[in-house]
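# sequence-free structure coming up:
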């Protein structure tokens, strides 16, 4: 028996579409319903990511026992009360947004037993978004962060005994990902440094390089620069909501600026050996990811 | 007839060793002599990068008509008077350092006709240095920047009529690279932004990410972070001299810090659309390099 019988995918883009494709491959008998704009639903049907779709939230969620919310973070925060009302009371509602504090706070105000919300964040993405780039292997070997409704590190109280959570964890394993628990504040602090700061650093570096070198970059840049700036092609639509809902991002930027000021003052004296050594340590940690 | 008969390679690491291997492949009849530490010379001989080697500068340069200086930039600045004296008066002396102002200024004080120095900077490198990673294809499709002794954009006066320069340009074409002329100040300003700033930005980002996320980076970082930080594994030995001799690097760092401050102040208001658009422009320019 599959862990869920009928799944509603709210937002059939790269993440929602990939989750649907991975789910269908693991459990061909699950019925999958999509909610999105008409043209996205048509494409999701063509790709066999969904069986059926609707632009009406209530219709899309009807009889679902899993509601997978893969919308931009601010849209989730805005729509969560409506989603809580549209989803059957026995459905597990989970999301895939990149910041968790605002979503989990809103969920706390919108979901009351037996309704259950589980915050999630699959650490997966591609340079290009949208249903056309959806891939059933997107989550393979990815870490999948889970956050209880309580916002604590692991579910507690009634939530801990709720059978819907182990069933969703089964799904995570079956699509090839590795679940791990974090509380919402710790998640957002870690990802401010691991993801949001690198994104904005890449934007700032690209702007500054363009300001200083202009079109000469086309002929004179070495291959290392393109690697450093791979994130700089990411669209603002994807990041606007993340930037606005990432509580530690301002602090992360302030720390990067302070580090750059220290490096700047060490330029002439050649006192940057310790900085390079610390950087090399992270480089070593990250090597195994490639 | 090959453009040169006898070449001295001063510094048989990644760049000097790769130049020697590429030169030998293009012109098997050229005699190549190395100058380095004994163990590096032994390895360069094993790899057939050099025919012979010496730890004595005068012996290594004897009868050379091309002296290729692939040493750390500050070593070049320090040794250039000695090299000018050791090289035969009819030899073309050229270097491969990453900053050019200090080297070309020292060359102006050390080389008098008929002695000739031509500053150079092949835009090529690898994550790992040393003779073991030398590769005859290192310069293939690379831009090779040239700077006249005058420090001007192109050779002028007597230098312009010197037959040694077109012969070296032949070599550049034969090893697969594309020569381009810049004056030393313009070169150093452009590369402060295109190369030195991205290097230090990568170091600062790696340090800050490690400070904020610690070992959690090992399990929670996405693949984009490793790309962003590819430069952070570069050893300080390679960069110490570049940082100390890059005249525009302080300004480049100041501009990056100012850009980060502007981004920081736009976080909450969500006013980063223009920043992302400017960054995307550079991303597009760089895409063709990959």
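Great, that's in hand. Please read these numbers as outputs of a predicted model, since none were measured by experiment.
# how about the residue nearest to the spatial centre of chain A, secondary structure?
Of all residues in chain A, the one closest to the mean position by C-alpha atoms, centre = their mean is residue A:98, 3.7 Å from it. Under the three-state scheme (DSSP: H, G, I helix; E, B strand; the rest coil), residue A:98 adopts coil.
# residues contacting it?
For residue A:98, the contacting residues are A:73, A:121, A:191, A:195-196, A:242, taking C-beta atoms under 8 Å, 6 or more residues apart in numbering or on different chains as the criterion. C-beta: built from backbone N, CA, C; applies to glycine.
# can you pull out the helices in chain A?
Secondary structure of chain A (DSSP state H): helices located at A:14-26, A:38-46, A:57-61, A:73-86, A:101-110, A:164-174, A:184-191, A:197-213, A:217-220, A:223-228, A:236-245, A:249-266, A:273-287.
# hmm, the fifth one touching chain B?
No. Using C-beta under 8 Å from any C-beta of the partner chain, helix A:101-110 stays clear of chain B, coming no nearer than 13.1 Å.
# distance-wise, check the residue of the stretch 1-150 of chain A found nearest chain B relative to residue B:133.
For the stretch 1-150 of chain A, the residue closest to chain B is residue A:123, as judged by C-beta to the nearest C-beta, at 5.1 Å. Going from residue A:123 to residue B:133 by C-beta to C-beta, to the nearest Å gives 32 Å.
# and the helices of chain A as TSV, adding mean pLDDT?
Rendered in TSV, the data for the helices of chain A read as follows (pLDDT from 0 to 100):
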stretch	mean pLDDT
helix A:14-26	98
helix A:38-46	98
helix A:57-61	98
helix A:73-86	97
helix A:101-110	96
helix A:164-174	97
helix A:184-191	96
helix A:197-213	96
helix A:217-220	88
helix A:223-228	84
helix A:236-245	93
helix A:249-266	97
helix A:273-287	90
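# how about those in TSV, adding mean neighbour count and distance to residue B:93?
Shown next, in TSV, are the helices of chain A (neighbours: other C-beta atoms under 10 Å in any protein chain shown; distance: least, C-beta to C-beta, whole Å):
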stretch	mean neighbour count	distance to residue B:93
helix A:14-26	24	55
helix A:38-46	17	63
helix A:57-61	18	74
helix A:73-86	19	60
helix A:101-110	20	62
helix A:164-174	17	63
helix A:184-191	23	53
helix A:197-213	25	29
helix A:217-220	18	24
helix A:223-228	21	28
helix A:236-245	19	50
helix A:249-266	19	33
helix A:273-287	19	31
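# quick check: domain ranges of chain A?
Residue ranges for the structural domains of chain A, counted by automatic domain parsing, are given in the record as A:6-182, A:186-287.
# rebuild those domains as a markdown table, extending it with distance to residue B:279.
Formatted as a markdown table, the entries for those read as follows, by distance: least, C-beta to C-beta, whole Å:
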| stretch | distance to residue B:279 |
| --- | --- |
| domain A:6-182 | 14 |
| domain A:186-287 | 4 |
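# the closest residue to residue A:224 other than its chain neighbours: neighbour count?
Ranked by C-beta to C-beta, 6 or more residues apart in numbering or on different chains and with sequence neighbours excluded, the top spatial neighbour of residue A:224 is residue B:231, at 5.3 Å. Taking other C-beta atoms under 10 Å in any protein chain shown as the neighbour definition, residue B:231 ends up with a count of 24.
# that's all I had, so thanks and see you.
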